[in-house]
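Colleague: Starting from these lines, generate the structure:
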Amino acid sequence: MPGVDLSFVVESGHANNNDILARFDAIKEMDPKRFGSLVFEDKKKTIALQVADFVAFYSRRIRNATQASPRTAEYENFIRTLGGIKHRPFLATDFGV
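Modeller: This next block holds a predicted model:
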C-alpha cells in the first residue's frame, strides 16, 4: 500500500538475530520506501510478542492434533481467546507446501 512502511519487532536473545537483521537490511535496500525498521525486544516486556508467541504455540499444538486425540475443545477455547485478533492457521514450516 503506498505511503505505508513495514516495521518489525522480533524477540531478542536468539542466535539467529544477526542473520535476521542482515536479511532485513538486504531486503530493505531493494525497497527502502516500503520497509521501516526492525528492532529486537525482550518478550517479557512486549505484549505484542507475547500474543504472537501464544498464537504460534497454540496454532502448532492444534495443527498437530491427530484424529486419535482431537483437540476440539482446545481449538474452540483458542478461537474464543483470540476474540477480535485476526489469525490464519499457518505455520512457518508450511512454506513450499
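Colleague: SS state for the residue nearest the centre of the chain?
Modeller: Most central in the chain under C-alpha atoms, centre = their mean is A52, positioned 5.2 Å from the mean C-alpha point. Three states are possible here, and by DSSP: H, G, I helix; E, B strand; the rest coil the one that applies to A52 is helix.
Colleague: what's the spacing between the worst-scoring helix or strand of the chain on mean pLDDT and its chain's center?
Modeller: For the chain, the helix or strand with the lowest mean confidence is helix 72-82, at a mean of 77 (criterion: mean pLDDT, DSSP states H and E). Here the centre of helix 72-82 is set off from its chain's centre by 18 Å, with C-alpha atoms, centre = their mean, to the nearest Å.
Colleague: Same check on stretch 21-33?
Modeller: Once both centres are worked out by C-alpha atoms, centre = their mean, stretch 21-33 turns out to sit 19 Å from its chain's centre.
Colleague: Buried residues, that stretch. List them.
Modeller: Of the residues in stretch 21-33, those buried under the neighbour-count criterion (16 or more other C-beta atoms under 10 Å) are 24, 28. Yep, even glycine has a C-beta here, placed from its N, CA and C like the rest.
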